[in-house]
Each structure stands twice: as C-alpha cells, then as structure tokens.
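Colleague: got a structure for you, letters missing:
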C-alpha cells in the first residue's frame, strides 16, 4: 500500500545515475534548523519511500519540528538507474544530502532508515556530520553492519522482538556490543513492519530523540 503524506510535495533532482524522486515534508511543530532524511527498505523486495515505517519516521521527525526528505533509491518508481548493491544506494543518499546542503548549509542533519535503509543511513552517518540517527530493524545478518565506523553522535536503534525478517536476537546482540552503544528501543510484540504499533513507534522514537542533545 502506498502512503502519501498530505504535507509533502514531490520533486526530482539529479542523482548519480539519473533523476532521484524526493518527497519533501513540512514540519508539524515549531521548525528547527535541521533536515531529516529517511531511507527505505531493500529496492529488490518492494521497498519504496512510501513504506509505512518510512513515512512514520518522516512524521516522527516532522513532529519534532524537522522538515524531511524521503526519496526513492535508484531504479525505484521515478528514480532512474538500477540496483547498486548498497554502494549505489549510499551514493544516492549522499547526493540527496549534498543537494540539501547546497540550499541549507547551516542546518543540522538527522538521518533515519528502516531495514536496508537503516544500513545505508548508518554507513552515511559514519561519513557525514550527523546530529541524530535512527535505525529501525537494521539488517545485521545480510549486510556488514559490524564494519561501520563507530557512531559517536546520538543514535536510536529500534527492534521488534517478533521480527520474522531480521533476526531480533542478532540485531540486539550487535547493538549491545557497539561502543558507544545506541539507545535501544525494544518492541516485544512487534514484527518487522510494526503492524498496529506505528503510533507507539513514533511516540517512543520522539521521546528518545528528545532525551539526547
């Protein structure tokens, strides 16, 4: 199901392999000097920027006064190109951030990502000046999360404990081993897509983000 947020406008920008499709969302509270960029799940398994967890992350940032950009990785919907085996998708994210910084150089950068998008966001966070990072159900089994440079800025990791796509015990074990360690939010009854718990997901992440500078 496609989720369209009524406070967003779509736009096409130049990416590494052609145009990238963006959805730019307005803040829902007093605006902060920041931008939130959110990455979607795996392009080869139906992941798009309209995924419900992705739109929930966007609304989470917007609710804290942060305008957002969701975007489709190369080869998804109106974004041109073909799947880039994570390296290309990282290039896409960096291109979106570069485009934002050309227009809003002094704003903070908040990154978020769900599943495969969490891996891409975490990799970018090790290369960019990021103020806050949120990763939901990062794919620690299928992608080398352990090779990512330690993340020193405020970081919230969310995991459903009934996830049937990403093994929750592996995600939580990896998160506990990180130094510095993220804020870990466990959802005992949640599966991979947080069905029936998206409002709670939004509220819990907002509370965690407000607890760190």
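Modeller: Good, I have the coordinates. Note that the structure is a prediction, hence the values are computed from the model and not measured.
Colleague: need the strands for the chain, in chain order.
Modeller: Along the chain, the stretches classed as strands by DSSP state E are 8-15, 18-25, 34-39, 68-71, 108-114, 132-136, 155-160, 183-187.
Colleague: Now render the ones you listed as a markdown table, adding mean neighbour count.
Modeller: Glycine gets a C-beta too; all of them are placed from N, C-alpha and C. Output for the strands of the chain, formatted as a markdown table (neighbours: other C-beta atoms under 10 Å):
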| stretch | mean neighbour count |
| --- | --- |
| strand 8-15 | 15 |
| strand 18-25 | 20 |
| strand 34-39 | 26 |
| strand 68-71 | 26 |
| strand 108-114 | 26 |
| strand 132-136 | 27 |
| strand 155-160 | 25 |
| strand 183-187 | 17 |
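Colleague: What separation do you get for the residue lying closest to residue 172 once chain neighbours are set aside and residue 44?
Modeller: Nearest residue to residue 172, sequence neighbours excluded (C-beta to C-beta, 6 or more residues apart in numbering): residue 159, at 5.8 Å. Per C-beta to C-beta, to the nearest Å, residue 159 is found 23 Å from residue 44.
Colleague: picking that back up, make JSON lines out of the strands of the chain and add distance to residue 204 and mean pLDDT.
Modeller: Shown next, in JSON lines, are the strands of the chain (distance: least, C-beta to C-beta, whole Å; pLDDT from 0 to 100):
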{"stretch": "strand 8-15", "distance to residue 204": "23", "mean pLDDT": "95"}
{"stretch": "strand 18-25", "distance to residue 204": "20", "mean pLDDT": "98"}
{"stretch": "strand 34-39", "distance to residue 204": "17", "mean pLDDT": "98"}
{"stretch": "strand 68-71", "distance to residue 204": "18", "mean pLDDT": "98"}
{"stretch": "strand 108-114", "distance to residue 204": "14", "mean pLDDT": "98"}
{"stretch": "strand 132-136", "distance to residue 204": "11", "mean pLDDT": "98"}
{"stretch": "strand 155-160", "distance to residue 204": "8", "mean pLDDT": "98"}
{"stretch": "strand 183-187", "distance to residue 204": "5", "mean pLDDT": "98"}
